[in-house]
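Peer 1: need a 3D model of the following:
(chains A, B, C and D)
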Number of protein chains: 2
Amino acid sequence: MISATDQQDVKKEKILEAAHHRFLHFGYSKTTMNEIAGDLSMSKALLYYYFPDKSQLYVAVMRKVADNYLKSLTDRINTFANLKEAFIFQIDTQHDFIVTNYNFFDYFRLNEQNLPEMIWEIVARVHESETELLVSAITTEVERGQIKPVANPNEIVEVLLDALHGVRAKSLSHKKTMFPNKEHLDEIRSKRLLLADIFIKGLMY
Amino acid sequence: MISATDQQDVKKEKILEAAHHRFLHFGYSKTTMNEIAGDLSMSKALLYYYFPDKSQLYVAVMRKVADNYLKSLTDRINTFANLKEAFIFQIDTQHDFIVTNYNFFDYFRLNEQNLPEMIWEIVARVHESETELLVSAITTEVERGQIKPVANPNEIVEVLLDALHGVRAKSLSHKKTMFPNKEHLDEIRSKRLLLADIFIKGLMY
DNA sequence: AAATTGATAAATTTGTTAAAAAAGTCAGGA
DNA sequence: TCCTGACTTTTTTAACAAATTTATCAATTT
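Peer 2: As a prediction, this is how the structure comes out:
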């Protein structure tokens, strides 16, 4: 027998899917609760039965999206042959994550200031997970004797992540095209790989 | 005898000073041509005699500010004992430049898209100058045999500048305080120095 | 002629308000 | 417990007037 709670979870899941679809294609502000309800052939009121309001629905979708990303990270932790592999994985995985969810994050970019606290918690979780992956890779590489022991791997990783972010931000700013195209993205990727290379050598003996 | 053109230049200079003062303290949108004229006890119409419009006045001030910065860079080119010194100089000089002109750049940040072409030319000049300084420092260090020969120093420097920018951007985003305070700035500086250190080691043999 | 101004025109921003759209609520039905 | 239609409240949009600011120009001074 299927419990009521399970049924609810199934329906909630359906709603999350529909909402994700809308948010992903049209962004937060350009999708209405009516439309999401319409997509599911249900009344708007029912959405409010399952989720308290629009922004918390968005947060729930975000959490799901983030959890998927998180999982793809934790699945691979400690599976790398060397530090470089780990760096490349981080660069490509994060890149893919951002590109495939580009529109979804418009709400995020638009409000920047005064976002619900929960959003920041999710962001923090993601960041921690990214950090963890790389810290672990560095620690392993130290144990293997490939690079110098580092006093504070966390600090190193944070600087690396900031730096990688900078490569993206700088390349994308003052480009007219609202949408990053293939060439840009390739340019960013190769710059990041160059940075990663130098960085790794910088950690060696 | 003082030529009419010299007189004009003197007066233009006065106007640039007054405009800079206003832009620096209140930003572009919060200063009016009337106020600038008032500061100089002249009529607003006279401003338009010397400068075609507000935005070109701003650009002229910007050019002056940028030229000063540029000069501080070219003055020091090829005067560094080693690569690290050059990097530190770059970090500190640029940092100082941005902090002392923080408000002045609000116009810059606010419009981001659709800025007058001249602004981008100035930005490009500054960027080239920063790049030149660092490329020269790297080339010198290669000649000294301190680091490995690099195929494309320009590429390396560009990545470094992007990365340094990233350290700043990441640390400053999602901080509520419109104004970066001392502690933030110190944190950014030390992160940047760490990055520079790793980077330099990454360029060694 | 070159430098300057007051008056005035043109453009932009700000404030107001009404209509439209969207968010969010609720009494009641299956 | 799940669900809806009808309803209320809040937010966004549009239109327009008022106020501010940019920009121009004929007239005046140096």
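Peer 1: hmm, the least confident helix or strand in chain A by mean pLDDT in reach of chain B?
Peer 2: Every helix and strand in chain A was compared by mean pLDDT, DSSP states H and E; the lowest is helix A:106-111, with a mean of 82. No - Helix A:106-111 stays clear of chain B (Cβ under 8 Å from any Cβ of the partner chain), getting no nearer than 10.7 Å. Yep, even glycine has a C-beta here, placed from its N, CA and C like the rest.
Peer 1: which other residues reach that helix?
Peer 2: Residues from elsewhere that reach helix A:106-111, judged by Cβ atoms under 8 Å, 6 or more residues apart in numbering or on different chains: A:23, A:27-29, A:58, A:115, A:119.
Peer 1: most neighbours among those, which one?
Peer 2: Of all these, the highest neighbour tally under other Cβ atoms under 10 Å in any protein chain shown goes to residue A:23, namely 25 neighbours.
Peer 1: got the buried residues for the helix or strand where that residue lies?
Peer 2: Element membership of residue A:23 [criterion: DSSP states H and E] is helix A:4-26. The neighbour-count criterion (16 or more other Cβ atoms under 10 Å in any protein chain shown) identifies A:15-16, A:18-20, A:22-24 as the buried residues of helix A:4-26.
Peer 1: what does stretch A:38-49 give?
Peer 2: For stretch A:38-49, burial by neighbour count (16+ other Cβ under 10 Å) applies to A:39-40, A:42, A:47.
Peer 1: so what are the domain limits for chain A?
Peer 2: In terms of domains, chain A is parsed into A:1-51, A:61-203 (source: automatic domain parsing).
Peer 1: return the member of the buried residues of stretch A:38-49 nearest to DNA strand C.
Peer 2: Proximity to DNA strand C was ranked across the buried residues of stretch A:38-49 by Cβ to the nearest atom of the strand; first place goes to residue A:47, at 7.8 Å.
Peer 1: could you look up the SS state of that closest one?
Peer 2: When states are read from DSSP: H, G, I helix; E, B strand; the rest coil, the local structure at residue A:47 comes out as helix.
Peer 1: doesn't residue A:38 make contact with it?
Peer 2: No - the criterion here is Cβ atoms under 8 Å, and residue A:47 misses it with residue A:38 at 10.5 Å.
Peer 1: next, count neighbours for the residue in chain A positioned nearest to chain B.
Peer 2: The shortest separation between chain A and chain B is 1.7 Å, found at residue A:166 (distances taken as Cβ to the nearest Cβ). The number of residues packed near residue A:166 is 26, by other Cβ under 10 Å.
Peer 1: list the contacts of it.
Peer 2: If a contact means Cβ under 8 Å, 6+ apart, then residue A:166 has B:162-170 as its contacts.
Peer 1: in helices, which of those fall?
Peer 2: Helix and strand membership here follows DSSP state H; of those, those in helices are B:162-170.
Peer 1: average model confidence for stretch A:195-202?
Peer 2: pLDDT averaged over stretch A:195-202 equals 97, rounded to a whole number.
Peer 1: what mean pLDDT does stretch A:66-86 get?
Peer 2: Mean pLDDT, computed over stretch A:66-86, is 97.
Peer 1: restricted to helices, list the contacts of helix A:106-111.
Peer 2: Among the contacts of helix A:106-111, the members found in helices (DSSP H) are A:23, A:58, A:119.
Peer 1: reformat these as TSV; add distance to DNA strand C and pLDDT.
Peer 2: As requested, these are exported to TSV (distance: Cβ to the nearest atom of the strand, whole Å; pLDDT from 0 to 100):
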residue	distance to DNA strand C	pLDDT
A:23	11	97
A:58	10	97
A:119	15	94
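Peer 1: quick one: which of those residues is nearest residue B:190?
Peer 2: Proximity of the ones in helices among the contacts of helix A:106-111 to residue B:190 (Cβ to Cβ) peaks at residue A:119, which lies at 28.4 Å.
Peer 1: apart from its chain neighbours, what residue comes closest to residue A:69?
Peer 2: residue A:97 (4.9 Å; Cβ to Cβ, 6 or more residues apart in numbering or on different chains).
Peer 1: and that neighbour, its phi and psi?
Peer 2: The main-chain torsion angles of residue A:97 are listed as degrees, to the nearest 10 and equal phi -60, psi -50.
Peer 1: give me the distance between it and residue A:190.
Peer 2: Here the distance between residue A:97 and residue A:190 works out to 19 Å (Cβ to Cβ, to the nearest Å).
Peer 1: which of the two has more neighbours?
Peer 2: Per other Cβ under 10 Å, whichever of residue A:97 and residue A:190 has more neighbours is residue A:97, with 17 against 13.
Peer 1: how close does that one sit to DNA strand D?
Peer 2: As for residue A:97, its distance to DNA strand D is 28 Å (criterion: Cβ to the nearest atom of the strand, to the nearest Å).
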